[in-house]
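A.B. asks: Predicted structure and sequence below. I'll ask about it afterward.
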Amino acid sequence: MTPTGRPEGEHRSAQHEGSSPTAATIRRALPGDARAIAEVRVDAWRSTYRGMIPDSYLDAMKVEASEVLWQRVLAAAPNTTSVFVAVGDEGVIAFAAGMMLAEPRFGLDAELTAIYVQPRHQRTGIGRRLVRAVVAAQRAVGATGVLTWVIAQNRGARKFYEGLGAELLVEQPFEWDGMDLVEAGYGWRDLDALAAAGGSTPTTQHP
């Protein structure tokens, strides 16, 4: 992920949520979280994108490569990028990230760039809490609307965003690491409504 562009083609693996809540604390990510964030990301890609992305690509993913990327993001000087983690008994179990856009797209000035939840903790409400945390952080730096992208075949993620009131803006082809895929862009123009849709679970946002 970079603070100035779409992170690694990070199409979210968040699933539609409806199971019993998982006890977890939501907090700002720290540089020391880079390894755990990378592990969550790789696990989520491999569990979510089988059948959408070639197995050879998923099997070749390296936690170490993603860790270096996230170390760079988390150690960067203060900017409009915000990264949050959900921490349970076994450590980091999910994360989400967002940033302000250099130029608005579809009339939206911020982006939810990533949200990944360990497979066994999906459908427990953690994704909604993470969305709330990222949106609150982006609003604090001036955001008025939020954009996000998802691989069009990922019905679970699309249902999750639609359940949070996201508007489908576009479906379009794109290329990622030599793969021809289709992405769907969703957006929220009413951030007050999005915050309400996220529920009332308190969020800890200490640095």
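C.D. replies: It's in.
A.B. asks: From now on I want contacts and neighbour counts done on CA atoms only, so please keep to that.
C.D. replies: Fine.
A.B. asks: Pairing partners for residue 95 in the sheet, please.
C.D. replies: Counting by DSSP bridges, residue 95 is bridged to residue 85, residue 116.
A.B. asks: element containing the spatially closest residue to residue 168 that is not a sequence neighbour, please.
C.D. replies: Spatial nearest neighbour of residue 168, excluding adjacent residues (C-alpha to C-alpha, 6 or more residues apart in numbering): residue 186 at 4.5 Å. Element membership of residue 186, judged by DSSP states H and E, is strand 179-188.
A.B. asks: Pull the residues that contact the helix or strand that that strand is followed by.
C.D. replies: Sequence order places helix 191-197 as the next helix or strand after strand 179-188, per DSSP H and E. Applying C-alpha atoms under 8 Å, 6 or more residues apart in numbering, the external contacts of helix 191-197 come out as 132, 135-136, 144-146, 164-165, 188.
A.B. asks: And helix 191-197, what's buried?
C.D. replies: 191, 194-195 (16 or more other C-alpha atoms under 10 Å).
A.B. asks: same check, this time on stretch 121-141
C.D. replies: Applying 16+ other C-alpha under 10 Å to stretch 121-141 flags 121-139 as buried.
A.B. asks: What ranges in the chain fall below the confidence cut-off?
C.D. replies: Counting by pLDDT under 70, the chain shows low-confidence ranges at 1-22, 198-207.
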